[in-house]
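Colleague: Sequence and predicted structure are below.
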Amino acid sequence: MTETLPPCPECSGVYTYEMGALLVCPECGHEWSPASAEPAGVAEDDGLIRDAVGNVLADGDTVTVTKTLKVKGSPSGIKAGTKVRNIRLVDGVDGHDIDCKIDGFGSMQLKSSVVKKT
């Protein structure tokens with residue numbers, strides 16, 4: 001046997017073996033198809049920016065803030081449920097990948113993990 005089998009996607013065990021058309025992990029008992037394992041890894045790191053639910057975001061989308069955010073210099077912050085229109089996707093600092101204008105606050109950057117596409 002010259003080919004190496006991928007580790008288990010559940011427990012990362014290296015002792016996987018083939019059983020018919022499936023791969024099996026003897027450590028945790030997980031069974032999976034080798035064809036389904038490859039696209040799953042590509043989908044996780046496909047370069048797209050996704051919201052808190054997993055929807056793909058694009059420039060010009062309208063999003064809703066999912067949790068109350070503290071804003072430096074503001075006594076109230078941004079409340080959950082605030083709609084943000086016409087977002088712009090950027091390569092920001094510390095995961096802030098959305099550039100937008102929020103009524104009452106002005107221009108700021110948000111993380112995609114705290115918004116939901118509407």
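Modeller: Great, that's in hand.
Colleague: going forward, measure contacts and count neighbours with C-alpha atoms only.
Modeller: Will do.
Colleague: Nearest residue to residue 113 in space, please, no chain neighbours.
Modeller: Nearest residue to residue 113, sequence neighbours excluded (C-alpha to C-alpha, 6 or more residues apart in numbering): residue 52, at 4.5 Å.
Colleague: I figured the one you found hits residue 118, correct?
Modeller: No: using C-alpha atoms under 8 Å, residue 52 is not in contact with residue 118, being 11.8 Å away.
Colleague: And those two? Which one has more around it.
Modeller: When residue 52 and residue 118 are compared on other C-alpha atoms under 10 Å, the one with more neighbours turns out to be residue 52, at 15 against 11.
Colleague: before we move on, which element is residue 35 in?
Modeller: Residue 35 belongs to helix 34-44 when assigned by DSSP states H and E.
Colleague: do residue 110 as well
Modeller: strand 106-111.
Colleague: Enumerate the positions of that strand that are buried.
Modeller: 109, 110, 111 (16 or more other C-alpha atoms under 10 Å).
Colleague: thinking again about what came up before, can you tell me how far the residue nearest to residue 113 is from residue 100?
Modeller: 17 Å (C-alpha to C-alpha, to the nearest Å).
Colleague: ditto for residue 85
Modeller: 8 Å.
Colleague: hey, where'd the strands end up in this structure?
Modeller: 17-19, 22-24, 31-32, 63-65, 83-84, 88-89, 96-102, 106-111, 115-117 (DSSP state E).
Colleague: Hmm, residue 14 is touching residue 23, no?
Modeller: No: counting by C-alpha under 8 Å, residue 14 stays clear of residue 23, with 11.6 Å between them.
Colleague: Neighbour count for these two, which is higher?
Modeller: For residue 14 and residue 23, the more surrounded residue by other C-alpha under 10 Å is residue 23, and the numbers stand at 20 against 14.
Colleague: State the distance from that one to residue 12.
Modeller: Residue 23 is 13 Å from residue 12, where distance means C-alpha to C-alpha.
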